[in-house]
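In: Prediction below, plus the sequence it came from.
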Amino acid sequence: MSTTSPPPITTRFTQPIETIADIEALERLPYDSLIPAHNLHDLFEATARLHPDRPALTVLTKGSREPGDVTLTHRQLRTEIMRAANLFRSLGINLNGGTVAFLCPILPQLFPALLGAQIAGVASSINYLLNEDAIADLLEAQNATVLVVASEPADRAIWTKAANVASRVASLKTIVVIGAKGRLTGRALSFDEAVATMRGTMDFAPSRDRDTVCALFHTGGTTGRPKLVRLTHGNQIHAAWSFAQVHGLDELDAAINGFPLFHVGGTMTIGLSILAAGGHVIIPSPYSLRSPDAIRDYWHTVERFGATIVSGVPTSIAALAEVPIGSSDVSSLRMALTGGAVAPKAVSERFQARTGITLFETYGMTETAAAIAFNPGRGTPMQGSVGFRAPFAQTKIVALDDIDLRTECPPLTSGLVLVRGPQVFPGYLDPRHNKGVLTDDHWIVTGDVGYLTADQRLVLTGREKDLIVRSGHNIDPAAIEDVANVFPGVQMSSAVGMPDAYAGEVPILFVVPSPGKIINLPQLCEHLERNVNEPPARPKRVVLLEALPVTAVGKIFKPTLRDLAIQEKVRTEIDRIFGPATRADIVVDKDVRLTTLVTVSIVSNDQDRVKALTESLTLLPQTYRIETRSS
């Protein structure tokens, strides 16, 4: 059946945005005239009509220098999305329950299938690096009825996980295999063969309600697992439009997507935002920038496709800064985007100095479809700031000691960051997780600490929440603590983030032995390595304490532990550079804006080693001051 054609307007930007006044001017226009789309189907109908033969999506299946690329135009992408939507609807996916879960690297079929599943009903893309227990928990929590996986030749490790998990999840009815060749048995179905029999126009009428939930994303948290974020058509459309407005995206943009598709950075920041503006998304490998070849050939890929935008979490940006541009022509580039974690000042400066490409920081979270603040792509980014708020959204800073979240901080005064707007999710799949995150008037409590400048730019200075953010990936401390606490001799444990030059922060675990018990530290580390769900969550260091710091009511006080983690990191660097017998005092403090300041007073007259320590600590997210003194 056919549906009413949407107005011929996509999410492309309407005017250059450089200041908050430009955003306010945009907000004086009627919202529905700027954003006429009611669902994702409308977006792709519009781009297919406006830019039918322009490239939309390219997946480099074997890297930039080997044959095997697959490119779809906007017309072809629309057709493949519609076929996938029809397939999933035929498999019983609708708005009445059941989801399509994806456990797959970025094969050429994945993005259209993921978008089609959202038009048919609800889709969920799962991190394939998780272990089988975590994947099974997520599938059960979301009542997954269809599981889409890569074929065994495409990825043997994922295939094995999927095969083992499928037998444990009672709700699963169909296993759809991308890239399958030959006859499949049982519940298995070849995606390629099945989707080829579907029509490239809609067989059903998609929901016209922007508040319809169409996606689930799993994220870390501190109130239990699994934690699934619900996103609506309206959330994603508004986020994509906001990126287009503030970054100035249009059909002439070609962006290399350095994020995975189980992360909103991949689906939204450099995904839907580019596609809905009529631009071209290039996937550098099925494993994004986890592929060493994708990093090695990155600048060649830029030249080959005339890329205008490059992207990645700060760790990827740091890695790209180490890759010589050489003879590659990168003159087409106009910006580099980073997000998922605050980019250390030294990383930003090194990347820009070595590449000549301006780096623009963005700020978002899964619960806002990645869209909270942006540095304007046609303007000048402010170093250390994540930029202006999204249009038609609000950001406010409230005092950290105000439990009612009503006392707003004046400009340049740090507090808790709250956000409200059309991109804010309607809540978690499990409503119990909403407590402390969503207010009754629909502000989301981000858990981040920051301040607004006089011209309304947001600067992040720290984090109140307990999540560990490693390379933009959220890690729930409980996922580590629950494993540690069952080890013989452990009375209590607590995990926080320890500064890291590459990943921003990595997990460190503080452990208190039970009275009279001695903990075998090597065996505990082996236990954690074996039983923590995913590799990024496995602690880089385990430290024994006599007691954990607690509040007056007995709650573990993690700010003190985060200070101890900083001291552990600094002590490690001192031992590495000066030797383990070097005397040093390490003091962690906050300035008036709650920026973390670390003073290191070291007994040494060796200026070369002092310089080496200074350079090492400069790469970390905090602000460091080195003082020397005689013995």
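Out: Thanks, I have it.
In: ok, now which ones touch residue 15?
Out: By CB atoms under 8 Å, 6 or more residues apart in numbering, the contact set of residue 15 is 22, 25, 26. No exception for glycine: its C-beta is placed from N, CA and C like everyone else's.
In: helix/strand/coil for it?
Out: For residue 15, the assignment made with DSSP: H, G, I helix; E, B strand; the rest coil gives coil.
In: so which of the contacts of residue 15 is the most crowded?
Out: residue 22 (19 neighbours; other CB atoms under 10 Å).
In: What ranges does the stretch 51-200 of the chain have for its strands?
Out: Secondary structure of the stretch 51-200 of the chain (DSSP state E, counting those that start in this stretch): strands located at 55-60, 69-73, 99-103, 123-125, 144-150, 174-178, 188-190.
In: Out of the contacts of residue 15, which comes closest to residue 379?
Out: Proximity of the contacts of residue 15 to residue 379 (CB to CB) peaks at residue 22, which lies at 8.6 Å.
In: ok, back up a step: I'd like the strands of the stretch 51-200 of the chain written out as CSV, with mean neighbour count, distance to residue 520 and mean pLDDT added.
Out: Shown next, in CSV, are the strands of the stretch 51-200 of the chain (neighbours: other CB atoms under 10 Å; distance: least, CB to CB, whole Å; pLDDT from 0 to 100):
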stretch, mean neighbour count, distance to residue 520, mean pLDDT
strand 55-60, 24, 47, 97
strand 69-73, 17, 52, 95
strand 99-103, 27, 36, 97
strand 123-125, 27, 39, 97
strand 144-150, 26, 39, 97
strand 174-178, 22, 42, 96
strand 188-190, 18, 45, 93
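In: Point out where the stretch 351-500 of the chain drops to low pLDDT.
Out: Along the stretch 351-500 of the chain, segments meeting pLDDT under 70 span 463-465.
In: ugh, wrong one, the stretch 151-300 of the chain
Out: Low-confidence segments of the stretch 151-300 of the chain (pLDDT under 70): 220-225.
In: again, 80 this time
Out: Scanning the stretch 151-300 of the chain for pLDDT under 80 picks out the ranges 182-183, 220-226.
In: Enumerate the positions of stretch 537-547 that are buried.
Out: Neighbour-count burial for stretch 537-547 flags 537, 538, 539, 540, 542 (criterion: 16 or more other CB atoms under 10 Å).
In: And the strands of the stretch 51-200 of the chain: which comes nearest residue 588?
Out: Residue 588 sits nearest to strand 123-125 of all the strands of the stretch 51-200 of the chain, at 38.1 Å, using CB to CB.
In: Spell out which strands sit alongside the closest one in the sheet and which way each one runs.
Out: Strand 123-125 sits in its sheet next to strand 99-103 (parallel), strand 213-218 (parallel), going by DSSP bridges.
In: Can you name the residues in contact with it?
Out: Residues outside strand 123-125 that contact it (CB under 8 Å, 6+ apart) are 99-102, 114, 117, 138, 142, 144, 214-218, 228, 261-262, 267.
In: As a markdown table, the strands paired with strand 123-125 with distance to residue 480 would be great.
Out: Formatted as a markdown table, these follow (distance: least, CB to CB, whole Å):
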| stretch | distance to residue 480 |
| --- | --- |
| strand 99-103 | 23 |
| strand 213-218 | 17 |
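In: wait, residue 166 sits on residue 172?
Out: Yes: between residue 166 and residue 172 a contact is recorded at 5.7 Å, counting by CB atoms under 8 Å.
In: overlap in contacts of these two?
Out: Applying CB under 8 Å, 6+ apart, one finds that residue 166 and residue 172 are jointly contacted by 147, 187.
In: how's the chain carved up into domains?
Out: 20-449, 468-548, 559-629 (automatic domain parsing).
In: Of all the ones you listed, which one is nearest residue 462?
Out: Judged by CB to CB, the one of the domains of the chain that comes nearest to residue 462 is domain 20-449, at 4.2 Å.
In: Quick check: end-to-end length of that closest one?
Out: Counting by CA to CA, to the nearest Å, you get 21 Å between the two ends of domain 20-449.
In: From residue 479, how far out is residue 201?
Out: 44 Å (CB to CB, to the nearest Å).
In: Those two: which has the busier surroundings?
Out: Neighbour count, other CB under 10 Å: between residue 201 and residue 479, residue 479 has more, with 20 against 13.
In: List the buried residues in the helix or strand that that one is a member of.
Out: Here residue 479, judged by DSSP states H and E, is contained in helix 477-484. For helix 477-484, a neighbour-count test (16+ other CB under 10 Å) marks 477, 478, 479, 480, 481, 482, 483, 484 as buried.
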